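Using only what follows, build the 3D model:
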Amino acid sequence: MKNIELNLLQALSVTGIVVSSVAQLGLQVLDKHVEKFWALYPTWVAVFIFGTILRYLRNDSEEAH
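Modelled structure (predicted):
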């Protein structure tokens, strides 16, 4: 199996999605509601995409040298 290498932003966003999911599950178990909690998920996805773009651009600039 090939290792998956993530840059800092990608790793942060994956961790954020996992922690947000666990927190949302905990809120459901406790029967609590946080308004717009769902907004965390697209934010983490945007951070992941931004990290992917930076990684791609950085790899292109390194190959040019």
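
Tell me where the model's unsure across the protein.
Residue ranges of the chain with pLDDT under 70: 1, 60-65.

Touching, Thr52 and Leu6? I think so.
No: in this structure Thr52 lies outside contact range of Leu6 using C-beta atoms under 8 Å: 9.3 Å. In this view, the C-beta of every residue, glycine as well, is placed from N, C-alpha and C.

show me what contacts the residue most central in space within the chain?
The chain has Ser13 as the residue nearest its centroid, 1.9 Å off, counting by C-alpha atoms, centre = their mean. Taking C-beta atoms under 8 Å, 6 or more residues apart in numbering, we find Ser13 in contact with Trp44, Val45, Val47, Phe48, Gly51.

Quick check: helices, which of these are part of them?
Trp44, Val45, Val47, Phe48, Gly51 (DSSP state H).

For the buried ones among the residues you listed, write the corresponding ChimeraX selection.
One line in ChimeraX is enough to select the buried members of those, burial here meaning 16 or more other C-beta atoms under 10 Å:
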select :44,47,48,51
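
quick one: which of the ones in helices among the contacts of Ser13 is nearest to Leu30?
Comparing those against Leu30 with C-beta to C-beta places Trp44 closest, at 22.3 Å.

gap between the closest one and Arg55?
Remark: distance between Trp44 and Arg55 (C-beta to C-beta, to the nearest Å) = 16 Å.
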